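> My questions concern the predicted model and sequence given below.
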Amino acid sequence: MLASDIDVGDTIELPGLAGLVLVLQVRMGQGGLIFTVAPAAGGQPEHEQVLKLTTRVQVHRRGRDLAV
């Protein structure tokens, strides 16, 4: 996923959150993307959350997955 894959105003579903969220801000952080989101159902500003999605690298070696 790249920062340009999700734009402000998009409605997305994220792991660990119930329901859809509205993306208010997307920025690059160390090791991942930082999203500011609010409930898509018209949540109040105090319901905004800042979430960081980090990367995970996986190495494939001779048919086996090795988590790094």
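Received the coordinates, thanks. This one's a predicted model, so the numbers in the text were calculated from it and none came from an experiment. Numbers count the residues shown, from 1 in each chain.
> how would you label Glu46: helix, strand or coil?
helix (DSSP: H, G, I helix; E, B strand; the rest coil).
> how much space between it and Pro39?
11 Å (Cβ to Cβ, to the nearest Å). Glycine gets a C-beta too; all of them are placed from N, C-alpha and C.
> These two: which is more packed in?
Pro39 (16 against 6; other Cβ atoms under 10 Å).
> what's around the nearest residue to the more buried one once chain neighbours are set aside, how many residues?
Distance criterion Cβ to Cβ, 6 or more residues apart in numbering; nearest residue to Pro39, sequence neighbours excluded, is His47 at 5.6 Å. His47 has 12 neighbours, counted by other Cβ under 10 Å.
> Equivalent analysis for Val21, please.
With other Cβ under 10 Å as criterion, Val21 counts 24.
> Excluding residues flanking it in the chain, which one is nearest it?
In space, Val21 is closest to Val37, 3.9 Å off (Cβ to Cβ, 6+ apart).
> which SS state does that neighbour fall under?
Assignment for Val37 (three-state DSSP): strand.
> isn't it right next to Val26, touching?
No - counting by Cβ atoms under 8 Å, Val37 stays clear of Val26, with 9.6 Å between them.
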